[in-house]
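*Asks:* No letters, just coordinates:
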DNA sequence: CTGAAAGCGCTTACAG
DNA sequence: CTGAAAGCGCTTACAG
């Protein structure tokens, strides 16, 4: 009776049938109506729920998806995670969350841990991608989708933001509204997004004939408000920009705070544009112009790609890109120029 | 060779020993040095990693913890989740994330799903607690810790915020800085935090002799910025408060935005105080005075309580409370009163 | 210390 | 359609 949770065996005994029949009924395989009735009744009576671990072991599916993300505290990952969680749940998968930090070794740990077979697939959004990580991805025995740019020879599904397009849109917007000394406050250039955004910024400045002054570039140690505060003061003093493009919204918030402290009106004196279009953009004063890189869309697509591949493991790896959208708000509005 | 992942059996064959010996060596049970060497070598050679599902089935431990939270998008839960994740990982547990929304039925689904045995324990931070949820918690076959107030007869560990104390500190702070028409913008009163905060607000107002005007109270449909915007305009017009206490930081942000639009200076005309002390509080203009209810501390404690109980399942359920701290910032600074 | 055997709770060919 | 049996990959008494 109360000796632990009921098993198929207990249900079978209670119903007076074989365990095979119990399993068949509960999995919806063909059985006689009487059999179905007997098994259902017994299962209900005993409050039977199949054991997920035993089932996983047998069918070689865990119905779990691993999600590895650099920082669960960054709002852009929160958007992504929310989308991934919703898609996974809708298909009956559980989500196993790993916060890897920006350290590649934590990503390696995660990739190695997958060898224990606790998840059917992986969604990974790494901040830094090393050769070791790429190797580990190549050797991975479960399907993976990477959110963020990776080399084409790594045979995993790939969803990327169009950082370059986003940077271009932002700079063109600033250019069109009359800004000419446009500074770029990037995050670390050895990260996937940092590298892409730095290249894109240089390119668009060259095309528009803007100064490619080293003074107009700064690099924070991390994509966080704190790291931004450490360097943006110097940037705005030495370079006297009339606009600052930040590598993400957190760095943009640091920029807004610093400009406020130093009495430089935004957008009158300096325009500020962020990237990621997180919820923070609506909260600042002035509200923050930001380039949406579709974090939720990337999460949704990544989950869909993975779930598709779990159905059909053998099709070619797919690559998808999400297009950026510029959201113009108060921090760069043209009319307010002093 | 390449026929799927290596198993204990393959390692045993390769090393020329029994599977029992392989298991013993790999689990650090006593074995002869030669045995250890042979097994280690074979395991390394084959790249062996034990299968988590098979191990779980045998030892009746999954090394997974389920974490159920109302909204992964609310910054207060992000803080909590980050703490829970870090503690769980440090003890070798994986975290299975469920976003339940504010709907009790999703919490019930989660509680029922635990019967599948995919997790060794549960950390639950529900927004609404119904009798059905309490019943399901009583019947739960794995240890659980609830973050948020629950009745004493539910035999689970419990970590709570001191909402009442937090409300009191906030109102006293406003009172001491000269505010007398203090409005309260609450979230839904049928939620655990909403109910506690409403009661506490009434009590402290009575004690301080403040008006218990119904006009000075409003209730948003949800603890979100959008829901706040729907009702706070009306609140500030009809009640003409000189201070607004918001049920959380998101509602406080809505208040700041609305006051700005209507040209009511903060804190000169109206002071604003939030609750939860999320990262948002540092981003608004003016920065937001907020009562920290120790979300990260609650997450950490909840994880510790659960991990302790997994070691030693039989001690009495524990109840812990985290003390609030008032963080005074620009939105209520005394000097700025007009 | 080591090995042969049983068994965790399921599912799935295989006979009947 | 149904049941007896094997087996997923481990761990753990039990003998020796």
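*Replies:* Yep, it's here. Quick caveat: nothing in here was measured; it's all calculated off a predicted structure.

*Asks:* Now the closest residue to residue A:334 other than its chain neighbours. Its backbone dihedrals?
*Replies:* Spatial nearest neighbour of residue A:334, excluding adjacent residues (Cβ to Cβ, 6 or more residues apart in numbering or on different chains): residue A:177 at 4.1 Å. All C-beta atoms are positioned from the backbone trio N, CA, C, and that covers glycine. Main-chain torsions, residue A:177, degrees, to the nearest 10: phi -90, psi 20.

*Asks:* need the residues of the stretch 51-200 of chain A near DNA strand C, please.
*Replies:* Residues of the stretch 51-200 of chain A found near DNA strand C, taking Cβ under 7 Å from any atom of the strand as the criterion, are A:51, A:54, A:55, A:57, A:58, A:59.

*Asks:* The first one: how many residues sit nearby?
*Replies:* By that I understand residue A:51. 20 (other Cβ atoms under 10 Å in any protein chain shown).

*Asks:* Touching, residue A:102 and residue A:128? I think so.
*Replies:* Yes. Counting by Cβ atoms under 8 Å, a contact exists between residue A:102 and residue A:128, whose distance comes to 6.2 Å.

*Asks:* Could you tell me which residues touch both of these two?
*Replies:* Here residue A:102 and residue A:128 share the contacting residues residue A:191, scored by Cβ atoms under 8 Å, 6 or more residues apart in numbering or on different chains.

*Asks:* in stretch A:95-102, what's buried?
*Replies:* Along stretch A:95-102, the positions that meet the burial threshold by neighbour count (16 or more other Cβ atoms under 10 Å in any protein chain shown) are A:95, A:96, A:97, A:98, A:99, A:100, A:102.

*Asks:* does the first one sit in a helix, a strand or a coil?
*Replies:* Which is residue A:95. Per DSSP: H, G, I helix; E, B strand; the rest coil, the secondary structure class of residue A:95 is strand.

*Asks:* Using the three-state scheme, assign the residue nearest the centre of chain A.
*Replies:* In chain A, the C-alpha closest to the average C-alpha coordinate belongs to residue A:80, at a distance of 4.4 Å (Cα atoms, centre = their mean). The three-state label given to residue A:80 by three-state DSSP is helix.

*Asks:* got the contact list for it?
*Replies:* Contacts here follow Cβ under 8 Å, 6+ apart; on that basis residue A:80 touches A:69, A:125, A:147, A:295, A:296, A:298, A:299, A:302.

*Asks:* Mind telling me the two of those farthest from one another?
*Replies:* Between all members of these, the longest pairwise span (Cβ to Cβ) is found for A:69 and A:296 and amounts to 13.5 Å.

*Asks:* Which of those two has more residues huddled nearby?
*Replies:* For residue A:69 against residue A:296, the residue with the higher neighbour count under other Cβ under 10 Å is residue A:69, and the figures read 24 against 18.

*Asks:* Got phi/psi on the closest residue to residue A:216 other than its chain neighbours?
*Replies:* Spatial nearest neighbour of residue A:216, chain neighbours left out: residue A:183 (4.4 Å); criterion: Cβ to Cβ, 6+ apart. Recorded main-chain torsions at residue A:183 are phi -90, psi 160, according to degrees, to the nearest 10.

*Asks:* ok, residue A:183 - contacts?
*Replies:* For residue A:183, the contacting residues are A:216, A:217, A:218, A:235, A:236, A:239, A:241, A:243, A:244, A:245, taking Cβ under 8 Å, 6+ apart as the criterion.

*Asks:* what's the burial count for the fifth one?
*Replies:* Residue A:236 has 21 neighbouring residues, counting by other Cβ under 10 Å.

*Asks:* Quick check: next helix or strand after the strand or helix carrying it?
*Replies:* Of the helices and strands defined by DSSP states H and E, residue A:236 is found in helix A:225-239. Sequence-wise, the next helix or strand beyond helix A:225-239 is strand A:243-246, with elements assigned using DSSP H and E.

*Asks:* Parallel or antiparallel, list what pairs with that next one.
*Replies:* Each strand that pairs with strand A:243-246, with its direction, by DSSP bridges: strand A:182-186 (parallel), strand A:271-275 (parallel).

*Asks:* for the record, mean pLDDT for whichever helix or strand comes after that strand?
*Replies:* The first helix or strand that comes after strand A:243-246 along the chain, using DSSP H and E, is helix A:249-261. Confidence over helix A:249-261, taken as the mean pLDDT, stands at 96.

*Asks:* neighbouring contacts of helix A:249-261?
*Replies:* Counting by Cβ under 8 Å, 6+ apart, helix A:249-261 makes contact with A:74-76, A:185-187, A:220, A:223-229, A:232-233, A:236, A:244, A:246, A:265-266, A:269-270, A:272-278, A:280-281, A:284-285, A:288, A:290, A:331, B:283, B:285, all of which sit outside it.

*Asks:* try it again with 6 Å
*Replies:* A:185, A:220, A:223-225, A:228-229, A:232-233, A:244, A:246, A:266, A:270, A:272, A:274, A:276, A:278, A:280-281, A:284, A:288, A:290, B:283 (Cβ atoms under 6 Å, 6 or more residues apart in numbering or on different chains).

*Asks:* next one: stretch A:20-27
*Replies:* With Cβ under 6 Å, 6+ apart as the test, stretch A:20-27 has contacts from A:8, A:11, A:12, A:31, A:35, A:36, A:39.

*Asks:* Give me the neighbour count for the closest residue to residue A:218 other than its chain neighbours.
*Replies:* The shortest distance from residue A:218 to any residue that is not its chain neighbour, by Cβ to Cβ, 6+ apart, is 4.2 Å, and that residue is residue A:235. The number of residues packed around residue A:235, counting by other Cβ under 10 Å, is 23.

*Asks:* That'll do, ta.
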